[in-house]
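Chemist: Using only what follows, build the 3D model:
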Amino acid sequence: MPGRAGVVLNVNDSDASRYVVSRMLERAGFAVAEACTGRHALEQARARHPAVIVLDIKLPDVDGLEVCRQLKADPLTRAIKILHTSAIHVGTDHKVQSLECGADGYLSHPFEHEELVATVRSLMRLGETERALRDHAEDLKAVNRRTNEFLAMLAHELRNPLAAIVTSLPLLERRAPSDSVERTARELIRRQTTNLRRLVDDLLDAARVTQGKIDLHWQTVDLKDLVQRVAANVEQTRIHPRRQALRLSLPSGRMLVRGDPMRLEQVLTNLLDNASKYSDAGDIIDLGLAIARNDSGCAEARVLVRDRGIGMAPETVPTIFDLFSQADVPLARSRGGLGIGLTLVRTLVELHGGRTHARSEGIGKGSEFEIVLPLVVAEMRTGPDSDTPLRAKRPTARRHILVVEDNPDAQSALQCLLEMWGHEVSVADDGAAGLQAATRDRPEIALIDLGLPRMDGYAVARGIRAALGDASPLLIALTGYGAPEQRAQALAAGFDLHIVKPVEPEQLNALIEEHAATLPSSAQAHDLADGARERRGTGS
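Modeler: Numbers count the residues shown, from 1 in each chain. Presented below is the predicted three-dimensional model:
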């Protein structure tokens, strides 16, 4: 019988009415429990978790409306279906009051046996459906969590071999290529390594997007200047190698928006790369920037990317910004990608208070992607900014650098690169060995991975700080773990910097140059370390 799936709690202070309703339910095959007061009903509901409560409104202590409110407010009992009954409160306003306090149904006395049984069965079916949906939602949450964990771990694991490849490229380029074949091979390796790194970053960003963990670093950005920089970079790295052309249309003056310049650059790069990827050789891609007014009269910046490529079917356009979504094109014309880039575009634009739009007239007729961002109207002007003077580039001083890395290829490539730059390099394969080497050899800079055997990078940093104090080397976490919480954990453990693999060799060299001037000499570092140990030994 359908009614045997759960208990029905019958609550009524009238012995006769309670008896009649219980008999009706029992004859229909339901298991029935009873209560005669509001407090007793609350106790029974929390103890027995009935599927349905047939609850009379007029009770001697706590009325049925208040009982309903309390049960619906409690996470342990809110799923119980409540059927209010009353022989007194039979007007429409009473029924509305009942439903507004959380009841799932309402019957006025006298009611027929069939009406009561059908209503209870309906509420039970509704409860079973809701339970199934809740269970399914929990399963989806678990799957989503495992997917996010897998994407984050996959991105981290891919970064180690990728870091070794990126670091090795300058070693291959110490001498000019011997012929055109070698030159082509080098260019191919560099270009595809850049593409692979972008895919890895997109994987990690996808995990962050679904978990809501993307943080923006806000500042005022000249969108026109940003568009020009991104266009020049994408034209050189993607559009020109594909034998395409980029046509740029920009207004006069400056266009200031509030946003994270790195993330806005990511948005524009993804849109241009997407347009290029789905276009043929010889095609022209249009990138336009304009000022418009919305319905409220507020100024907005509109960026439009138009291509003449494969286009989209009408049914594809509404879902093109969904995660892992791609236009349905023949396999022979597959252009690669993970279907992540446009999801990141929409999410990042919305985090900036903007909107995204996609349009296409159909397959083979090209596509248009538009992003709209609010302008900082009060700061719109035409003169140049007062730029901060660039710091003069200093030659790299010879430094003693410790590399703590358990991936042999990444360690070897980084060691060779640093030695090629003239540094003295020592290495360690695990955290315990790294801590020992740092306290024994007292390097000036330590590049430390976080995911180390025996002792993780956080513990290594804490150990170095405890042992050397003010004489600690510059501690740089060079790692595949790039989430904001991991960066915060690294800085809290004592690292000075947190750098995500793979880092471009030029960026690493600039980083060492930038901080080299703030480092003490080796002799000064040794004196500081000895003084720190003496102070700890005397208790000062």
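Chemist: contacting residues around Leu123?
Modeler: Leu123 sits next to 51-52, 81, 83, 104-105 when contact means CB atoms under 8 Å, 6 or more residues apart in numbering. Backbone N, C-alpha and C define where each C-beta goes, glycine included.
Chemist: In CSV, list these along with distance to Leu123, neighbour count and pLDDT.
Modeler: Converted to CSV, these look like this (distance: CB to CB, whole Å; neighbours: other CB atoms under 10 Å; pLDDT from 0 to 100):
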residue, distance to Leu123, neighbour count, pLDDT
Ala51, 8, 22, 94
Val52, 5, 27, 96
Lys81, 4, 23, 95
Leu83, 6, 22, 95
Asp104, 6, 20, 94
Gly105, 6, 19, 93
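Chemist: Tell me the one among those residues nearest to Ser14.
Modeler: Distances from Ser14 to the contacts of Leu123, taken as CB to CB, are shortest for Leu83 (16.4 Å).
Chemist: is it true that that closest one touches Gly105?
Modeler: Yes: taking contacts as CB atoms under 8 Å, Leu83 lies within contact range of Gly105: 4.4 Å.
Chemist: Now the common contact residues for the two.
Modeler: Going by CB under 8 Å, 6+ apart, residues that sit against Leu83 and also against Gly105 are 119, 123.
Chemist: on that earlier part again, among the contacts of Leu123, which are in strands?
Modeler: With DSSP state E as the criterion, strands contain 52, 81, 83, 105 from among these.
Chemist: Beta-bridge partners for the third one, please?
Modeler: It refers to Leu83. Applying DSSP bridges to Leu83 gives these bridge partners: Val54, Gly105.
Chemist: how much space is there between it and Phe150?
Modeler: Distance of Leu83 to Phe150, computed by CB to CB, to the nearest Å: 45 Å.
Chemist: How about the last one?
Modeler: In this structure, Gly105 and Phe150 are separated by 44 Å, where distance is defined by CB to CB.
Chemist: mind putting the contacts of Leu123 in CSV, distance to Leu71 included?
Modeler: Supplementary listing: these in CSV, determined by distance: CB to CB, whole Å:
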residue, distance to Leu71
Ala51, 13
Val52, 12
Lys81, 10
Leu83, 12
Asp104, 11
Gly105, 14
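Chemist: now, which of the residues you listed sits nearest Glu34?
Modeler: Looking across the contacts of Leu123 and measuring by CB to CB, the closest to Glu34 is Val52, at 13.4 Å.
Chemist: quick one: the closest one and Ser122 touch, right?
Modeler: No: look at Val52 against Ser122 with CB under 8 Å: they stay out of range, at 9.6 Å.
Chemist: what stretches of the chain score poorly on pLDDT?
Modeler: 1-5, 89-90, 152, 206-213, 323-340, 377-396, 515-540 (pLDDT under 70).
Chemist: Looking at it, which helix is longest?
Modeler: helix 113-172 (DSSP state H).
Chemist: Compute the inter-axis angle for the helix or strand just after that one and helix 113-172.
Modeler: From helix 113-172 onward toward the C-terminus, using DSSP states H and E, the following helix or strand is helix 180-211. If you take axes from the mean of the first three to the mean of the last three CA atoms, to 10 degrees, helix 180-211 sits at 150 degrees to helix 113-172.
Chemist: Distance from the chain centre to helix 180-211, please.
Modeler: From the chain centre to the centre of helix 180-211 is a distance of 20 Å (CA atoms, centre = their mean, to the nearest Å).
Chemist: got the angle for the helix or strand hosting Leu268 vs helix 180-211?
Modeler: Taking DSSP H and E as the criterion, Leu268 maps to helix 261-277. Orientation of helix 261-277 against helix 180-211 (the same axes, to 10 degrees) gives an angle of 120 degrees.
Chemist: Helix or strand next in line after helix 261-277, which one?
Modeler: In N-to-C order, the element after helix 261-277 by DSSP H and E is strand 284-293.
Chemist: which of the residues in that following strand are buried?
Modeler: 285-289 (16 or more other CB atoms under 10 Å).
Chemist: Stretch 32-47 now?
Modeler: Neighbour count says stretch 32-47 has 32-38, 40-42, 44-45 buried, by 16+ other CB under 10 Å.
Chemist: What of stretch 483-502?
Modeler: For stretch 483-502, by 16+ other CB under 10 Å, it's 483, 486-487, 489-490, 493-496, 498-502.
Chemist: Stretch 94-104 too?
Modeler: For stretch 94-104, by 16+ other CB under 10 Å, it's 94-95, 97-98, 101-104.
Chemist: follow-up on the earlier one: of the buried residues of stretch 32-47, which belong to helices?
Modeler: 38, 40-42, 44-45.
Chemist: just curious, which of those residues is nearest to Thr356?
Modeler: Ala45 (47.6 Å).
Chemist: tell me the contacts of the closest one?
Modeler: Contacts of Ala45 by CB under 8 Å, 6+ apart are 9, 53, 71, 77, 80.
Chemist: hmm, who's touching stretch 237-255?
Modeler: Contacts of stretch 237-255 (CB under 8 Å, 6+ apart): 191, 194, 222-225, 227-228, 231, 234-235, 272-273, 276-277, 279, 281-291, 301, 375, 380-382.
Chemist: List only those of these flagged as buried.
Modeler: 222-225, 227, 231, 234-235, 272-273, 276-277, 279, 283, 285-289, 301, 375.
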